[in-house]
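Trainee: predicted model and sequence below, questions to follow.
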Amino acid sequence: MTKPTLVLLHGVGLDHAVWEPLASLVTDRFHIVSPDLPGHGEAAPVPDGVTLADLAGLVARQVPARSHLVGFSLGALIAQHLAIHRPELVATLTSVSSVARRTDAERAAVLHRLEVAERDLGASAEASLDRWFSGTDVSPAWVERTRATLAANDRDSFLRCYRVFATGDVVIGPQLGRIAAPALAITGEDDPGSTPEMTRRLASAIPGCVAEIVPHTRHMLPLERPGALAAAITALIGDQIHV
């Protein structure tokens, strides 16, 4: 029997490696596809003015029909766009640490972080590492790998994709009610950027979507709690496992 396909889409500034702990837990059940997003890792740079639709269109080329999509942060916005505009590709949708319908204060905060990155990319990276890992039990080795990944980014591509992340919820928010795939929205209880309230907002906007909050967890759910994330994804898929 052919394994169902699990497509894993990482967050802004990262690459496919962030999925290694999760993939190791589910590789016996799924065929794993974990591409580098456009402008990240080994993927080609992105042009000035790139949009969420542009990113989703490029990612769609690597997504087999009826895949189980898991998107983290920016990857969640891309996965949601595909679920709306390319529903034939999406059997289930899991939005991990996703933003949704930011308030004015939340939008101001992320635009401030973008401004910091534009002025000083190194300082921005260190602030991100602190926000993601401070107080967690993620190993120092993974923190250093993440620091190296951030440092290796093409500056222009990173900033262009970060702008998509900072503004993409405005684009996708009014369309979320069109998602028909079984859906899960999951985040960490202590995530300061993709907050539990955002996840509940997202779940309320997507028909039938389930919200799950992982206790004592910050933003980097795929690294901090891969077991909890694997359990949530496989529970969502459930009877869809044989699709």
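Mentor: Cool, got the structure. Numbering: from 1, shown residues only.

Trainee: burial of the spatially closest residue to Gly188 that is not a sequence neighbour, as a residue count?
Mentor: Excluding its sequence neighbours, the residue lying closest to Gly188 (Cβ to Cβ, 6 or more residues apart in numbering) is Thr217, at 3.2 Å. C-betas here are computed from N, CA, C, even on glycine. Using other Cβ atoms under 10 Å, Thr217 has 20 other residues around it.

Trainee: please apply the same query to Ser67.
Mentor: For Ser67, using other Cβ under 10 Å, the count is 23.

Trainee: distance of it from Thr5?
Mentor: 4 Å (Cβ to Cβ, to the nearest Å).

Trainee: overlap of the contact sets of these two?
Mentor: Val33 (Cβ atoms under 8 Å, 6 or more residues apart in numbering).

Trainee: mind listing what Pro226 touches?
Mentor: Pro226 touches 21-22, 24-25, counting by Cβ under 8 Å, 6+ apart.

Trainee: just the buried ones among those, please.
Mentor: 21-22 (16 or more other Cβ atoms under 10 Å).

Trainee: make a markdown table out of the contacts of Pro226 and add pLDDT.
Mentor: Below are the contacts of Pro226 laid out as a markdown table (pLDDT from 0 to 100):
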| residue | pLDDT |
| --- | --- |
| Pro21 | 98 |
| Leu22 | 98 |
| Ser24 | 97 |
| Leu25 | 97 |
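
Trainee: which single one of the contacts of Pro226 is nearest to Gly39?
Mentor: Leu22 (22.3 Å; Cβ to Cβ).

Trainee: before we move on, the earlier item: what's the residue nearest to Gly188 in contact with, if anything?
Mentor: 136, 188-191, 224-225, 228.
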